[in-house]
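[1] show me the folded form of this:
(chains A and B)
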Protein chains: 2
Amino acid sequence: MKIAIYGYGNLGKGIEAAIKYNPDMELSCVFTRRAPDTVKTLTGVPVFSAERVLDFKDKIDVLIICGGSATDLPEMTPALAKSFNVIDSFDTHKRIPEHFASVDAAAREGGKLALISCGWDPGLFSIARLYASAALPSGEDYTFWGRGVSQGHSDAIRRIDGVLDARQYTVPIDDALSCVRRGECPQLTTAEKHKRECYVVAEAGADKALIEKTIKEMPNYFADYETSVEFITLDELRAKHSGMPHGGSVIRNGVTGLSGESVNTIEFSLKLDSNPEFTASVLVAYARAIARLAARGEIGAKTVFDIAPADLSPKSSDELRAHLL
Amino acid sequence: MKIAIYGYGNLGKGIEAAIKYNPDMELSCVFTRRAPDTVKTLTGVPVFSAERVLDFKDKIDVLIICGGSATDLPEMTPALAKSFNVIDSFDTHKRIPEHFASVDAAAREGGKLALISCGWDPGLFSIARLYASAALPSGEDYTFWGRGVSQGHSDAIRRIDGVLDARQYTVPIDDALSCVRRGECPQLTTAEKHKRECYVVAEAGADKALIEKTIKEMPNYFADYETSVEFITLDELRAKHSGMPHGGSVIRNGVTGLSGESVNTIEFSLKLDSNPEFTASVLVAYARAIARLAARGEIGAKTVFDIAPADLSPKSSDELRAHLL
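    Presented below is the predicted three-dimensional model:
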């Protein structure tokens, strides 16, 4: 199975590493919008200019597109889906229907297969929500994120005057999590479920009180949340906060029995040392499924909801039934 | 969607209740091997003799077979799969391949579709193992069961001389569970992961010390486990131990990154007030999928690995993408 990577940032590097754990796959090459000779891959796999991608039509089974959801993927995925079987990790939940429609049209035009919005949320968390709501139709869903680094919130802090660097962790509030895990069904807003921990490196002489106030009062990002701000040195930031951990839990409480007398709780949780590496690993498993479905003649756009679990595994159906069922 | 139940014990009653939470389904009838007029259903749905089941061929979309795995299902499921789309909860893990083969042959002979080994283990736990191993190919799986009532172990205690009634709970050992959740990868036997709590009602004048010794030394069932025995009254057993709670966790720890430097943990957990009601609720969700796949012309035997998540939900693909992805 020949895989190629389109876009070589953290996610692209994660794909490169993930393929090493999947012996039925081979990484053909990386495409970049930068000057190819300025990009050095982790494993020495060749790098080509994104402009040359069409030269590789029919030489690649699945192209994994590693771009941002704001502006990259809405352009890239439909454009590439005309010529390749593709996967992306489009994660702007509200715009999924329009992205799906444009990718579906493009893939059908080219007779190709595309999987959008793969990863863990959207992705494995979405699947957990679906299985849980099918198994417990009468119930309530809760999604908790973290403890993990939010790039968007870290960037928002970095844009404040006097801030040299920053890292923001989204952290589930213990009391809310315990309450849901006990099978209670409270109504909770996102702000009631999460707090925000900020580690900030200030420029010499910066007004730290003002920076802290600016963070805590920032609308949408922090104003509604319990937010803590700690000033640290650049060395400390590098030593203790250079990783990209993340995770979270999808929990559903639902009732069964003739009069709803039994309460049942389903929980799916992730604790990740590396968010981009894990996301990449999920994308690579789905690349296997997309290659298989394409070989069976399927075309158009799909999501993780449309893929049977068996198609993700390198094992045969006989092996899966004998050892995993 | 017309559903019928074949076998009316705890699981059958659970199916009857679960259908009430699925407005796109209708329970047509119950088949029993007992005298039909001695069976009173929870909702008043009609009861027929199992001998008359073939009269209902073509009147039922999916027949859910509620029998025991030891002797019932190996006979019943292939026999019924010749004439009906069927689902069973066959849970003798070691005999799944042979059961699959015999059901597959029967279903193909009759042009019908069959799903075997549905529920939560095998079932949702199996799916969790598959997704986790696909997302983290290099790692280790752990399954913990409980806290929950084990019928087999309760029955084993009841067979001891001087025992009037008993209830056995399988309980995960906290230290083992915490160790695995921390992302460590210990080698653990089933006995190192679980302890066994026994609540026993002894006959008046019975030798309690001997009963306790007999339980704790019983090979396979208790001898290898940390086992506690508490003698209680029949009233206490009825008041505190009449439910059928169960649950457990499937956990996978796996590495990502070029040299396996990042540790990631995936956990899927269930906490169930009622094991048979929840199992039934899962079977009913899969009945929806089987009816859909059968309508698309699929035949033969399937397992939960072969069913795409979208087919479990009453919602359309558009709705799922817009609200659940």
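
[2] around chain B, pick out the residues from the stretch 51-200 of chain A.
    A:93, A:96-97, A:100, A:117, A:122, A:124, A:126-131, A:133-138, A:181, A:183 (C-beta under 8 Å from any C-beta of the partner chain). From N, CA and C alone the C-beta is placed, and that goes for glycine too.

[3] so which of those residues belong to helices?
    Under the assignment DSSP state H, those contribute A:96-97, A:100, A:124, A:126-131, A:133-135, A:181 to helices.

[4] farthest pair within those residues?
    Put simply, by C-beta to C-beta the two of those set farthest apart are A:100 and A:181, 33.3 Å from each other.

[5] neighbour count: these two, which is higher?
    residue A:100 (24 against 16; other C-beta atoms under 10 Å in any protein chain shown).

[6] give me the number of residues near the residue lying closest to the more buried one once chain neighbours are set aside?
    In space, and not counting its chain neighbours, residue A:100 is closest to residue A:301: 5.3 Å by C-beta to C-beta, 6 or more residues apart in numbering or on different chains. When neighbours are defined as other C-beta under 10 Å, residue A:301 has 26 of them.

[7] can I assume residue A:301 is in contact with residue A:107?
    Yes - assessed by C-beta atoms under 8 Å, residue A:301 is found in contact with residue A:107 at 5.6 Å.

[8] what do the two both touch?
    A:81, A:114 (C-beta atoms under 8 Å, 6 or more residues apart in numbering or on different chains).

[9] following the host helix or strand of residue A:5, which helix or strand comes up?
    According to DSSP states H and E, residue A:5 maps onto strand A:2-6. Remark: after strand A:2-6, the chain's next helix or strand is helix A:10-19, criterion DSSP H and E.

[10] go through the next helix or strand after that following helix and flag the buried ones.
    Toward the C-terminal end, the helix or strand that comes next after helix A:10-19 (DSSP H and E) is strand A:26-32. The neighbour-count check on strand A:26-32 (16 or more other C-beta atoms under 10 Å in any protein chain shown) flags A:27-32 as buried.

[11] swap in stretch A:67-77?
    A:67-69, A:72-74, A:76-77.

[12] cool, and stretch A:229-238?
    Those buried within stretch A:229-238 under the rule 16+ other C-beta under 10 Å are A:229, A:231-232, A:237.

[13] returning to what we had before: which members of the buried residues of stretch A:67-77 are the farthest-apart pair?
    A:68 and A:77 (11.7 Å).

[14] so stretch A:262-275, near chain B or not?
    Yes - judged by C-beta under 8 Å from any C-beta, stretch A:262-275 comes into contact with chain B at A:262-274.

[15] and that stretch, C-alpha only, in CSV?
    Provided in CSV are the C-alpha atoms of stretch A:262-275 (Å, rounded to 0.1, in the frame of the first residue of the first chain):
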residue,chain,number,x,y,z
SER,A,262,-31.4,1.2,35.1
VAL,A,263,-28.7,3.8,34.6
ASN,A,264,-25.8,2.8,32.4
THR,A,265,-22.6,4.7,31.6
ILE,A,266,-20.4,4.3,28.5
GLU,A,267,-17.0,6.1,28.5
PHE,A,268,-14.3,6.3,25.8
SER,A,269,-11.1,8.1,26.9
LEU,A,270,-7.8,9.0,25.4
LYS,A,271,-4.6,10.0,27.2
LEU,A,272,-2.1,11.0,24.6
ASP,A,273,1.6,11.9,25.0
SER,A,274,1.5,13.3,21.5
ASN,A,275,-1.6,14.7,19.9
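
[16] tell me the phi and psi of the most centrally placed residue in chain A?
    Compute the mean C-alpha point of chain A, and by C-alpha atoms, centre = their mean the closest residue is residue A:119, 4.2 Å away. With angles defined as degrees, to the nearest 10, residue A:119 sits at phi 140, psi -140.

[17] so residue A:133 makes contact with residue A:139?
    Yes - the pair residue A:133 and residue A:139 passes the contact test of C-beta under 8 Å, sitting 7.2 Å apart.

[18] joint contacts of the two?
    residue A:252.

[19] residue A:35: how many residues sit nearby?
    9.

[20] do the same with the one 5 residues further on
    Counted with other C-beta under 10 Å, the neighbours of residue A:40 add up to 8.

[21] which residues touch it?
    residue A:47.

[22] and the contacts of the helix or strand hosting residue A:175?
    Using DSSP H and E, residue A:175 sits within helix A:174-181. Under the contact criterion C-beta under 8 Å, 6+ apart, helix A:174-181 has outside partners A:142, A:144, A:186, A:188, A:192-193, A:249, A:251, A:253, A:265, A:267, B:271.

[23] about what we covered before: my guess is the residue nearest to the centre of chain A contacts residue A:87. True?
    No - judged on C-beta under 8 Å, residue A:119 makes no contact with residue A:87 at a distance of 9.7 Å.

[24] now do the shared contacts for the two.
    Joint contacts of residue A:119 and residue A:87 (C-beta under 8 Å, 6+ apart) are residue A:283.

[25] so where is chain A shaky, pLDDT-wise?
    A:185 (pLDDT under 70).

[26] now do 90
    Within chain A, the ranges that satisfy pLDDT under 90 run A:151-152, A:183-187, A:220.

[27] roughly how far out does the longest helix seen in it sit from the chain middle?
    In chain A, taking DSSP H as the definition, the longest helix is helix A:275-295. Chain-centre distance of helix A:275-295: 12 Å, with C-alpha atoms, centre = their mean, to the nearest Å.

[28] what's the angle from it to strand A:2-6?
    130 degrees (axes from the mean of the first three to the mean of the last three C-alpha atoms, to 10 degrees).

[29] put the alpha carbons of stretch A:196-215 into CSV.
    C-alpha atoms of stretch A:196-215 as CSV (Å, rounded to 0.1, in the frame of the first residue of the first chain):
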residue,chain,number,x,y,z
ARG,A,196,-7.7,26.8,31.4
GLU,A,197,-4.1,26.8,32.7
CYS,A,198,-1.8,29.3,31.1
TYR,A,199,2.0,29.3,31.3
VAL,A,200,3.4,32.6,30.0
VAL,A,201,6.9,33.9,29.3
ALA,A,202,6.8,37.7,29.6
GLU,A,203,9.3,40.1,28.0
ALA,A,204,11.7,41.7,30.5
GLY,A,205,9.9,44.7,32.0
ALA,A,206,6.5,43.7,30.7
ASP,A,207,3.4,44.6,32.9
LYS,A,208,2.6,41.1,34.1
ALA,A,209,-0.6,42.2,35.9
LEU,A,210,-1.9,43.7,32.7
ILE,A,211,-1.0,40.6,30.7
GLU,A,212,-2.9,38.4,33.2
LYS,A,213,-5.9,40.7,33.1
THR,A,214,-5.9,40.7,29.3
ILE,A,215,-5.8,36.9,29.2
